[in-house]
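Asker: Model the structure of this input:
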Amino acid sequence: MPRYLHCACALALAVAAPAFASDSVTHAQVLEAIRVFDANTLGGAAASKTAAEAGDALAKASNTILRFAVESDDVVVDLGPDSVTWCDVKKGLADMPHSGERGLLFAAYLSGCVKAQLRSGKQDANPFEGWVSMLRVYRAIRMGEGVRIPEVEDLLSRQMGGTLAAYAADAVNRSTESLHKTYGEPSAPAKQGPPGLASQP
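Answerer: Okay, here's the model as predicted:
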């Protein structure tokens, strides 16, 4: 996979937050962005595209996917260290080895999570589908460029051993426990009294 794609994706992720527009991304727009992202990362892009055109398409698609994942109430994506093991979303990617590739894998993870939840019509913080999408892109990077990222290698070995789904369930449980420790347990909804009476505080 050409290195320019990684650079374009890393740049897209780096500038995405300030570039967010006021209009929200629709389901149709994010699904089209996911299609474009897949085409440009997994070898399905049209041969007539120049490197610059493919890089621009990937950057725009990545930004759209990121915006939707952050802004939409229709999906929930776990960005904790148990789910996004290959990058620290708080510190960023600039100082990490293979930062461009890690950024591309992050976009692939978001893409997989968003696509699965829109398909099912339900929010689900489980990282499994995101990991599967990310690992498809990782295999292409590894074969094309020989890049190896230890944290992703661990997930790949779990997938090959058939334990990735169970590990994903554990990861979301660990993330939930961490959130509860940091922010406390979610408050219970107010109990409703008999019909015609106001709810008690």
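
Asker: All the helices of the chain, residue numbers only.
Answerer: With DSSP state H, the ranges of helices along the chain come out as 3-19, 27-41, 51-71, 99-120, 128-145, 150-160, 164-183.

Asker: show me the contacts for the residue nearest the centre of the chain.
Answerer: In the chain, the C-alpha closest to the average C-alpha coordinate belongs to residue 110, at a distance of 1.7 Å (Cα atoms, centre = their mean). With contact taken as Cβ atoms under 8 Å, 6 or more residues apart in numbering, residue 110 is in contact with 65, 66, 69, 77, 130. For every residue, glycine as well, the C-beta is placed using N, CA and C.

Asker: Report pLDDT for residue 179.
Answerer: You'll see residue 179 listed with a pLDDT of 74.

Asker: cool, residue 114 as well?
Answerer: For residue 114, pLDDT reads 98.

Asker: I figured it hits residue 68, correct?
Answerer: Yes - judged on Cβ atoms under 8 Å, residue 114 makes contact with residue 68 at a distance of 6.0 Å.

Asker: so what's in contact with the two at the same time?
Answerer: 30, 75.

Asker: Could you dump the contacts of residue 110 into JSON lines and include pLDDT?
Answerer: Listed next are these as JSON lines, based on pLDDT from 0 to 100:
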{"residue": "65", "pLDDT": "96"}
{"residue": "66", "pLDDT": "94"}
{"residue": "69", "pLDDT": "95"}
{"residue": "77", "pLDDT": "95"}
{"residue": "130", "pLDDT": "98"}
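
Asker: picking that back up, so for residue 82, which of the helices of the chain sits nearest?
Answerer: Residue 82 lies closest, by Cβ to Cβ, to one member of the helices of the chain: helix 164-183, at 4.1 Å.

Asker: Show me what counts as buried in that closest one.
Answerer: Within helix 164-183, the residues scored as buried using 16 or more other Cβ atoms under 10 Å are 164, 167, 168, 171, 172, 175.

Asker: Could you do stretch 140-149 as well?
Answerer: 140, 141, 142, 147, 149.

Asker: need the helix or strand of the protein with the lowest average pLDDT.
Answerer: Within the chain, no helix or strand scores below helix 3-19, which has a mean of 44 by mean pLDDT, DSSP states H and E.

Asker: hey, which of the helices of the chain is tucked in deepest?
Answerer: Each of those was assessed for mean neighbour count using mean count of other Cβ atoms under 10 Å. The highest is helix 99-120, with a mean of 23.

Asker: Below-threshold pLDDT in the protein: ranges please.
Answerer: 1-22, 43-49, 186-201 (pLDDT under 70).

Asker: Would you check that residue 136 makes contact with residue 108?
Answerer: Yes - assessed by Cβ under 8 Å, residue 136 is found in contact with residue 108 at 7.2 Å.

Asker: Near the nearest residue to residue 76 once chain neighbours are set aside, how many other residues are there?
Answerer: Spatial nearest neighbour of residue 76, chain neighbours left out: residue 123 (4.5 Å); criterion: Cβ to Cβ, 6 or more residues apart in numbering. Residues near residue 123, counting by other Cβ atoms under 10 Å, number 12.
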